[in-house]
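Peer 1: 3D, please:
(chains A, B, C, D, E, F, G and H)
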8 protein chains.
Amino acid sequence: MNAESIRKLFDLVRKGRLSPDEAVERLRHLPFEDLGFAKVDHHRALRVGMPEVVFGPGKTPAQMAQIFSRLAKQGGNVLATRVSEQQFAAVQKRVAGAEYRGLARAIVFLGDKKKYGKGTIAVVSAGTSDIPVAEEAVVTAEVMGNDVTHLYDVGVAGIHRLLSNRETLMRARVVIVCAGMEGALPSVVGGLVGVPVIAVPTSVGYGAAFQGLAALLGMINSCASNVSVVNIDNGFGAGYVAALINRL
Amino acid sequence: MNAESIRKLFDLVRKGRLSPDEAVERLRHLPFEDLGFAKVDHHRALRVGMPEVVFGPGKTPAQMAQIFSRLAKQGGNVLATRVSEQQFAAVQKRVAGAEYRGLARAIVFLGDKKKYGKGTIAVVSAGTSDIPVAEEAVVTAEVMGNDVTHLYDVGVAGIHRLLSNRETLMRARVVIVCAGMEGALPSVVGGLVGVPVIAVPTSVGYGAAFQGLAALLGMINSCASNVSVVNIDNGFGAGYVAALINRL
Amino acid sequence: MNAESIRKLFDLVRKGRLSPDEAVERLRHLPFEDLGFAKVDHHRALRVGMPEVVFGPGKTPAQMAQIFSRLAKQGGNVLATRVSEQQFAAVQKRVAGAEYRGLARAIVFLGDKKKYGKGTIAVVSAGTSDIPVAEEAVVTAEVMGNDVTHLYDVGVAGIHRLLSNRETLMRARVVIVCAGMEGALPSVVGGLVGVPVIAVPTSVGYGAAFQGLAALLGMINSCASNVSVVNIDNGFGAGYVAALINRL
Amino acid sequence: MNAESIRKLFDLVRKGRLSPDEAVERLRHLPFEDLGFAKVDHHRALRVGMPEVVFGPGKTPAQMAQIFSRLAKQGGNVLATRVSEQQFAAVQKRVAGAEYRGLARAIVFLGDKKKYGKGTIAVVSAGTSDIPVAEEAVVTAEVMGNDVTHLYDVGVAGIHRLLSNRETLMRARVVIVCAGMEGALPSVVGGLVGVPVIAVPTSVGYGAAFQGLAALLGMINSCASNVSVVNIDNGFGAGYVAALINRL
Amino acid sequence: MNAESIRKLFDLVRKGRLSPDEAVERLRHLPFEDLGFAKVDHHRALRVGMPEVVFGPGKTPAQMAQIFSRLAKQGGNVLATRVSEQQFAAVQKRVAGAEYRGLARAIVFLGDKKKYGKGTIAVVSAGTSDIPVAEEAVVTAEVMGNDVTHLYDVGVAGIHRLLSNRETLMRARVVIVCAGMEGALPSVVGGLVGVPVIAVPTSVGYGAAFQGLAALLGMINSCASNVSVVNIDNGFGAGYVAALINRL
Amino acid sequence: MNAESIRKLFDLVRKGRLSPDEAVERLRHLPFEDLGFAKVDHHRALRVGMPEVVFGPGKTPAQMAQIFSRLAKQGGNVLATRVSEQQFAAVQKRVAGAEYRGLARAIVFLGDKKKYGKGTIAVVSAGTSDIPVAEEAVVTAEVMGNDVTHLYDVGVAGIHRLLSNRETLMRARVVIVCAGMEGALPSVVGGLVGVPVIAVPTSVGYGAAFQGLAALLGMINSCASNVSVVNIDNGFGAGYVAALINRL
Amino acid sequence: MNAESIRKLFDLVRKGRLSPDEAVERLRHLPFEDLGFAKVDHHRALRVGMPEVVFGPGKTPAQMAQIFSRLAKQGGNVLATRVSEQQFAAVQKRVAGAEYRGLARAIVFLGDKKKYGKGTIAVVSAGTSDIPVAEEAVVTAEVMGNDVTHLYDVGVAGIHRLLSNRETLMRARVVIVCAGMEGALPSVVGGLVGVPVIAVPTSVGYGAAFQGLAALLGMINSCASNVSVVNIDNGFGAGYVAALINRL
Amino acid sequence: MNAESIRKLFDLVRKGRLSPDEAVERLRHLPFEDLGFAKVDHHRALRVGMPEVVFGPGKTPAQMAQIFSRLAKQGGNVLATRVSEQQFAAVQKRVAGAEYRGLARAIVFLGDKKKYGKGTIAVVSAGTSDIPVAEEAVVTAEVMGNDVTHLYDVGVAGIHRLLSNRETLMRARVVIVCAGMEGALPSVVGGLVGVPVIAVPTSVGYGAAFQGLAALLGMINSCASNVSVVNIDNGFGAGYVAALINRL
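Peer 2: Alright, predicted model coming up:
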């Protein structure tokens, strides 16, 4: 709905090819399709040039399959997150080429295999329990056309494990760091690299971890200035932001 | 302390120009200077290629001036944040060219005026009370060699004000959004642009705003996937992350 | 128990038709019926002219059916919220005309189909996951005699979807807005319309959404002045308040 | 920017009185004035038909006077809240007719004395310490053209004081209830009246009142279904919502 | 272990009937029995003259039966709270006279039926969902030898229901008030009576009730000075405190 | 407004000494006096047989003096809490016999020196910093006609200090325990005595004491069943409850 | 990777037995083994001289068995915490000598039965429900080569039970105290002994215990200066710290 | 009051040198001195063999001087923390040899200069703002007879600064780590050393640091098993615990 397309409308009106009433109607005609329970917004894909994303929880397998297949027909990539195996089974029946990434609990459809990212995104996680969140970030970045390397189980209490992999970090253009418990890893990684670090607090931990609140507070208070933070367990958001940065 | 420099050390030892003990000593000799009360780490500037930054609160004017002048002698840019006018007065006496940016409560020294950023960073704020935080982000990005545009007082309750400036947003390579109260602006801006959005909750608001906690929670839960968040009132951090992204 | 009815009591006493002791006794005789486990208060329906409402959780199907049928016999409307299908099954056996509204998890009995609302109530929701709460608001407003329109899946990250439906909003006399995550939608809607907005935080979201706390804080701190807030997931309360306003 | 005015634009273009480029430009030309530090939005007043409102804290007396006088020239009502006496002194010099309402800490300018409210708004407060918040609600409702009655110091621990004023409550079309400490009063008032109740938690109380958090939680959990809540100490918001309701 | 019994020990030593070592040993010999997994403290019953109490959760039916039967043999009253039907089944097999109070989820054994309370304890609850907590208070007070009356479903949003039972309240020597949601009832009851009120927040409510936190904060901030508070859902504690008061 | 006085009204009407309208009017005529800014409720004193109490903060010395002197004229006892020396100075000029209790920050007027309490109230405090709160409890209990003993600086980390004073505790009919920091003292005292314990969390402590929140949570979770809790620093409330209990 | 081993590397290079490239490579060659999903870090065991520890939750029985058996082959002790019986069953098949400690939910493998602790560690718990946490501490300390005594069910409300066991406490070199609810026991124990006390808040309690938060706050605010705190339910951490202290 | 001294009492009674009544009296006679406003407990010093400690805030200079001088006369060491210069001035007049440690805000009196600690205690702090807390730990450990080394400004975002001082850490017998903001440093230090680490969260930081809460949560959730935590800013507690450990 930018200035150019509006100017064309005015042009058509001036040339008499369109009545004012028709022009107003066209202005209103936005590219929505109404599925009854949710407005699928193809427009958004066009606008930001990014894959369509479906959030799994609370959708029946049938709803998931209906939304996913409609999106897949648009030709771009589709990603469904936090899906159950039941949801995947329903999607698989309707969408050839849909792939299940179990560790990340995600369904991927790659209609467009072009690389959009200019460099490598590194995904780092503190403990083995953080891997599902880290994998969601990996899948998201991959489905958005990026090369991704990962570095798992390199928590701060064994700092030499992280340091021995420092060169991998140094080669990345963006770094995603997933950590639960005290959420200290992004600060250390942030101090080692000179690129943006996206921190993902995870709900891993027990007792006073309060389902990721401690890690979130730790990361948002990071003393490393190159760290910004997304929601608890939000591997998708981290992958998405990193992919946007890597496209620049 | 990368592989290359270590290999050189080994080479010198092999060639007999350095004894093993001397080599071990050199490994230890990191570029610190000890001011007594704080280790000024020039190494960090070399490592990440970024200006030196001094956090003002809790430092006496004399301490501030001592640290600031020592850093300024390194030749790069220096930024002091959250400074008082007294601190600036002390700096001014020792550092020619130090400049006070009152709205942002910052001291800037530009030893290096090169542009490092490839595009423009847009800084958006919801209300007039958010301007000090927004200005801290502006100054930080500028001192790191970026072109910055700003868009103030465009909160979500008057959405047309934001929309009428949409083209400014669309031209930016990174967007910083500062907002207090419910912190809703980053979600709306995030939906309008296709680039990374750095959200800064501010402590602006009253009652249940709880000094920025409500805005922080709002932003960390943003439904826009391109939003990541820094600490409450942390304009510096937002400017820093945005500058890192804009250098890519 | 207003002045008029008391005056009549005094009158009867003055005329000797009632002894003072009988009068005191009558004052005490309020229209309660004692079901043993709960005092059903028909008086309340008379007093505020509103339907009777039963909260489902914690009641056995048998208790629900007993309370519901007793209320239905009063001739007005009855609404049961947060009911299970088991509770409805029990009610259905005792109350002809009781209807199940599955999406809203509600049982409705319409003894009185009169329209009490003067205009239309619009119910807006941010995402598809917010629909159960929104539907509870819709059902509540309808059972209280209102015309209701709804506008679902118009969250702030795709602001054009909301704006393209702005005329629907402009026609409403009261607007209810349901949103989870950051709870930003009421602020945007509040800025678009000139009528009261009832905001309902939902427990939709993950991570730091903290079961609706983030949305609640966001809404209570709304920068739009026409917004007031009800409890998390309290679609009923929002529908009730909106219906009261629409009767004025 | 409604359909009608756009249709006129198209009409002018069709008739050749306006070029397409000029038309696009006019679409962009929204009624803003730029004061340098804040965009004063006259448009908003037109849109919602309400007075202009200025929030006092953080503005210098000069800024306050500049904004207030510019708004006053528009001919409608102007309200400044949370103002200091210094701010009023500055306003008074530039705006004849500006009036200080000390108890409410507000400046009022009545350019338009028309009654917009159809009935009476009752403002109730629990204790004497809640009066400043209650008065802010009173002033807000009055400046928006309403008749307001108030009922102060009728807290729940002396329930007969409230009950002895029940008829005043019963005559109101909307009720605002301000209370600190446990915030119980709105529930009791809500049970007595059949109209909407706007609850305002106040930061009055000590110990575990936590600056109004206890009252906010109490009110948002009210068992009376006709209660909705605004921010802590937000007398203005309550008056604003009540006035909108009373206009219906 | 009071002065008198120690003096007797010294007397025995002086008279040569006990050696110093034996005396020291006797001082150590406190009336414990060691069940292996828990020290049953009969001494406590002697000391405070109160029934033995067992907390059910986390104990196997066998453990519960073992503890309960051992306590029952002491001759006093025994109360087990928060018990499952399985736990009761196990107790019933070993302890004749043990009685199950289903609504209160309690097992009662009355070895001592004496009345210790001087007056009546009134137990008031706001809604039907609060009844289990209220019943726990009732059972506790009864097993401690008190006459108890109860007044259920008299929440503050229908204040006339409470007021019409005011004489019941006025006759009580102590009042227990159980309420969830906003927890306002103790303040109103506290204002009506001149005796101590024990408030019990319940976890009844939804959304921002936060499992009783809102009610707890409401009650602890009560504006009625005769209110003190026990833990969320702690009907037992309330009954216990009330019984202690009623013995005075 | 009990049944008896209403019956008398009906009697008067029956005997023709009062018209129905006059009777209704008399029902309405409650013993209020209107001071303009606050309704002084003498009725409350009559109803609960307790002294009048004024809360100091937020009242000007003049307001305090006006309220205090009016209350003092009623003949009973008057207590003002949290008063400043300025407030006392103003009171002293108008009320002969008003006494300042500096440690407790209270003004006391004893119009009625009768003993209402049957036994002794013990006030225990953990540290010297808790003494102001403890003294407020002492003054409150004394002004309500009780004998009070106190036991200060007997915190749980030196448990023998408490135990060496155990007999003082054992003689009390009610015990008040004031403690900050972890708030553990009421549990220990509660285990030593067989009478009701009123726990007062104080805002004493630092770091994670969070102005008394830690102590409040500790006390409300006390494992001693005879403990109930009042608000943080609420020495007045504790003294009031204890006095009510001691009157029984 | 200490100075000595590096010096040896340089020596080898100087003597021509190693090329610089080989030397760099050796520096990199840290003693990791890569299991694919987790880097098992034998190095850590060497470094701190402590057993290997595996955290059970989230690991499949097969993963647990694979990790546990690989660690057991190193010859030292292995401890798995928070394990299920299924996990143990899988371990048992692969590791002869692995032992299940049911109360502590732990698997123990003792490859090294040497005593490392110089004195006795006392583990104290407040209630029977705290025993699983206490037992985890016991098992941890034992597997690290310590003599451990325990003292269970000695909560503060029956202080004489603790005092009658004071000599056991006095003999310990370190004391671990586990408590839920108000978490007061560490303060009392801390006051009785002159050695370090490690406090473990447990999630035992109900209502406002908030899953151990109340106990955590209580302990972190302890008025006893010899108390430090580990995470909620973190019996392992307490045992680990105590064992480290006891080795000194 | 141990078994031995009690046995002696019995012995004296047996030998007729003491009557039973005198013996009971002696049991009661504990070594307290009553200063009127606080019980000074010399007994505690004897019991744990540690210096006397006075907490400064809330004490007048005169009270501080009185307590301090009385303690100093006992011959051991005395430490006053959080003192003002005024308090020191008053102490200095009465106690020769009292020394002011400005950075730590402490007064020290060394009556006993013996070394009690067996090794060295290392005190590490993350930033220069943490130094006052770190210095309080240093002074405390020194006054308790320990050698202390410190390592300041070695935060995790510049991990090489910490690593280049690793040998200092490795030589310590106990390590104290003070950090604000995200509180990550103890985890990293804990991973580097094999001895107990006492973590002290500081209130340094801004925004969501919430006066040390973020650091506290970070530390209590530390993934390093040798970390235990004391209260926010509690340098004294950390020094005290470390000194106790170092005496073992």
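Peer 1: which residue ranges of chain A form strands?
Peer 2: Remark: strands assigned in chain A by DSSP state E are A:32-34, A:39-41, A:52-55, A:78-81, A:99-101, A:106-109, A:120-125, A:147-151, A:174-179, A:197-201, A:227-229.
Peer 1: up against chain G, what does chain A have?
Peer 2: A:128-129, A:131, A:152-154, A:158, A:160-161, A:164, A:206-209 (Cβ under 8 Å from any Cβ of the partner chain). For the C-beta atoms, the positions are set from N, CA and C on the backbone; glycine is no exception.
Peer 1: at 10 Å what do you get?
Peer 2: Proximity of chain A to chain G, by Cβ under 10 Å from any Cβ of the partner chain, involves residues A:103, A:127-132, A:151-154, A:157-158, A:160-161, A:163-165, A:167, A:181-182, A:204-210, A:214.
Peer 1: state the distance from A:Lys15 to chain C.
Peer 2: Per Cβ to the nearest Cβ, to the nearest Å, A:Lys15 is found 26 Å from chain C.
Peer 1: verify the contact between that residue and D:Arg14 for me.
Peer 2: Yes: assessed by Cβ atoms under 10 Å, A:Lys15 is found in contact with D:Arg14 at 9.4 Å.
Peer 1: what sits closest to A:Lys93 if chain neighbours are left out?
Peer 2: A:Ala65 (6.9 Å; Cβ to Cβ, 6 or more residues apart in numbering or on different chains).
Peer 1: isn't that neighbour right up against A:Val95?
Peer 2: Yes: A:Ala65 lies in contact with A:Val95 (Cβ under 10 Å); the separation is 7.7 Å.
Peer 1: the two: which has the busier surroundings?
Peer 2: Remark: of A:Ala65 and A:Val95, A:Ala65 carries more neighbours, 22 against 19, as counted by other Cβ atoms under 10 Å in any protein chain shown.
Peer 1: how close does the more buried one sit to C:Ser228?
Peer 2: Going from A:Ala65 to C:Ser228 by Cβ to Cβ, to the nearest Å gives 40 Å.
Peer 1: with A:Leu217 instead?
Peer 2: To C:Ser228, A:Leu217 is 30 Å away according to Cβ to Cβ.
Peer 1: now do A:Val177
Peer 2: When distance is defined by Cβ to Cβ, A:Val177 is 41 Å away from C:Ser228.
Peer 1: narrow the residues of chain A next to chain G to those that are buried.
Peer 2: Among the residues of chain A next to chain G, those scoring as buried are A:127-132, A:151-154, A:157-158, A:160-161, A:163-165, A:181-182, A:204-210, A:214 (criterion: 16 or more other Cβ atoms under 10 Å in any protein chain shown).
Peer 1: just the ones of those residues in helices?
Peer 2: A:Ile131, A:Pro132, A:His160, A:Arg161, A:Leu163, A:Ala214 (DSSP state H).
Peer 1: surely the fourth one is in contact with A:Gly155?
Peer 2: Yes: with contact taken as Cβ under 10 Å, A:Arg161 and A:Gly155 are classed as touching, separated by 7.8 Å.
Peer 1: intersection of neighbour lists for the two?
Peer 2: Counting by Cβ atoms under 10 Å, 6 or more residues apart in numbering or on different chains, the common neighbours of A:Arg161 and A:Gly155 are H:Gly191.
Peer 1: residues touching A:Lys114, list them.
Peer 2: Shown in contact with A:Lys114 (Cβ under 10 Å, 6+ apart): A:Asn77, A:Gly145.
Peer 1: at 8 Å instead, please
Peer 2: Going by Cβ atoms under 8 Å, 6 or more residues apart in numbering or on different chains, A:Lys114 touches A:Gly145.
Peer 1: from chain E, how far off is it?
Peer 2: 46 Å.
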